[in-house]
Each structure stands twice: as C-alpha cells, then as structure tokens.
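1. attaching a predicted model along with its sequence, questions to come.
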Amino acid sequence: MADWYPNSRDEQLHMVKTWNTVFVARGQEWGIPPAHITQLVTDAQAAEAILDKVKSGERTAAEVVQCNMIFKDMETEARFVKKHYLLTPPLTLADFPLLLLPLPDEIHTPVGPPTGQQSLTVTYPGGPHLLMVHLAPLPGTEPVSSYGTHYSRGDYGYALYRGIMPQGGATLEQAAGVKRYLMKEPLSGDELLHYRFTRRKKEAVDFDAGESGMTAYFCARYENQKGQYGAWGPVVSAVIP
C-alpha cells in the first residue's frame with residue numbers, strides 16, 4: 001500500500017492543519033491525548049513560519065536545515081498519532097476523507113517484521129553543532145519481510161535513534177532531565193531514547209550550542225508501516241562540533 005503521508009511540504013502542512021481543525025471537534029471522541037493535539041498545532045505553526053522563510057529568496061543555510069528538522073518533527077508526531085489513534089475503529093470510513101487519508105485497504109496482505117540490518121555513517125556538513133547521518137543497509141542485507149516478500153519503497157522506513165554523552169558521562173541529574181544524557185557509552189540502540197522515523201537516506205541533526213564537544217551516538221533499524229522493527233544495526237558515534 002502506498003504511504004499515506006504526502007511528499008511535498010505544502011501538502012504535509014495542509015494535512016496537519018486539517019487534522020488540527022478536525023481534532024478540535026473530534027479529538028476527544030477518538031481518544032487522542034490533548035498533549036499530542038497541542039504538539040501538532042505547535043509543529044504546524046513552526047512549519048508554516050519557517051516554510052515562508054525558506055521559500056523566500058533571502059533564506060540562509062541555517063534556515064534550510066531548521067526547516068528540515070521542523071518538518072521531520074511534525075512528520076514524526078503525525079505518524080505517531082496516526083499509528084496509535086486514527087484507526088478503524090474508532091474512525092469510520094467517512095472519517096478518513098475528512099482527515100485527507102486514503103481509505104483502509106480491506107484486502108490484507110500478510111507482512112511480517114523486516115529482516116536485514118540498517119547501518120549508518122556520520123559526517124560533518126560544516127554547520128555549527130551539525131552532524132549528517134547517512135543510512136544504508138549493511139552489505140548483503142535489504143528490507144525484506146520475515147515472510148519472504150520484498151518490501152516496496154513505500155512499505156518501510158528507518159527508525160533512527162540517538163543519544164548524547166557529556167565528557168566523562170552524565171550526572172544523575174543530567175540523565176534524568178529532558179535531554180536524557182547518557183551516563184556511559186551505549187552498547188545497542190535500546191539505550192538510545194530519542195527516536196525519529198525517516199524515509200530519507202541522510203538526515204541532518206542539529207544540536208544545541210552547549211552540546212559542542214559532547215559525543216553523539218546513533219543507531220538505526222528498519223521499521224515497516226505496522227510499526228514492526230528489524231534488527232539493530234551497529235552503534236556509531238561522533239563528537240559534536
């Protein structure tokens with residue numbers, strides 16, 4: 001089945017703004033927590049503001065990177081809400097067009113968790129506090145269903161996880177904070193708590209100025225449309241510039 005999330009940024013923004021309008025009346029009925037509804041409103045406002053800047057002839061390289069990050073955060077939140085709350089039921093078939101979503105496929109093709117492993121490399125694109133993560137299958141592997149059927153390009157993406165470790169490891173207070181800094185070097189992706197879903201083969205990750213000199217750790221695995229995961233790839237690290 002083709003992916004439901006639009007490709008163009010204008011269409012993505014239009015979809016999320018449509019959801020925000022519908023959720024005012026129907027969000028509670030569908031069991032969507034207020035925090036997720038508020039987050040989508042915030043994401044859409046930020047996306048609309050930065051998109052206007054990027055479309056102008058006076059955009060900067062930093063604004064382009066910021067735009068990529070904001071739209072990716074909005075996509076991640078929208079996919080989370082779709083996967084957890086926009087289901088049938090509670091939605092009826094009449095609700096899907098209201099949300100600009102395709103009708104559910106009534107012919108269910110069995111799709112198992114993806115096999116294969118996702119590796120990655122990290123490069124320095126040149127911006128301050130900026131790293132570029134490049135995703136690729138480990139040699140000899142590809143995203144194949146555990147039932148043996150090959151995935152189409154729209155059937156899977158990459159679950160990218162990251163964590164940050166201060167020099168010498170985080171204190172208990174830092175580890176318990178919003179950033180969830182790492183106290184020691186992670187051995188697998190299970191120890192990395194910050195998640196991003198992407199279909200891109202490279203992702204720019206922008207860090208805070210105060211995180212320069214800290215070590216960023218990344219790990220990835222395949223994720224299909226059902227939210228099923230493949231095996232972890234290797235953990236890689238890079239010092240934040």
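-> Yep, that arrived.
2. can we go C-alpha only for contacts and neighbour counts from here?
-> Will do.
3. packing partners of the longest helix along the chain?
-> When the chain is parsed with DSSP state H, its longest helix is helix 61-85. If contacts are counted by 3 or more CA pairs under 8 Å, 6 or more residues apart in numbering; DSSP states H and E, helix 61-85 sits against helix 9-26, helix 34-55, strand 194-198, strand 202-206.
4. for this structure, which spans come out with low pLDDT?
-> Scanning the chain for pLDDT under 70 picks out the ranges 1-2, 105-112, 140-155.
5. which positions within the longest helix of the chain qualify as buried?
-> Using 16 or more other CA atoms under 10 Å as the test for burial, helix 61-85 gives 64-79, 81, 85.
6. domain-wise, how is this protein divided?
-> 9-98, 114-239 (automatic domain parsing).
7. out of those, which comes closest to D3?
-> Between D3 and those, the shortest gap by CA to CA is with domain 114-239, which sits at 5.3 Å.
8. ends of the closest one, what's the gap?
-> Counting by CA to CA, to the nearest Å, you get 31 Å between the two ends of domain 114-239.
9. now it: how far from the chain's centre is it?
-> Taking CA atoms, centre = their mean, to the nearest Å, one finds the center of domain 114-239 at 10 Å from the center of the full chain.
10. for stretch 79-96, same thing?
-> Worked out by CA atoms, centre = their mean, stretch 79-96 lies 19 Å from the chain centre.
11. again with stretch 24-40
-> Worked out by CA atoms, centre = their mean, stretch 24-40 lies 20 Å from the chain centre.
12. give me the number of residues near the nearest residue to K17 once chain neighbours are set aside?
-> Spatially, and ignoring its direct neighbours in sequence, K17 is nearest to A44 (6.4 Å; CA to CA, 6 or more residues apart in numbering). Using other CA atoms under 10 Å, A44 has 23 neighbouring residues.
13. mind listing what A44 touches?
-> 13, 16-17, 74 (CA atoms under 8 Å, 6 or more residues apart in numbering).
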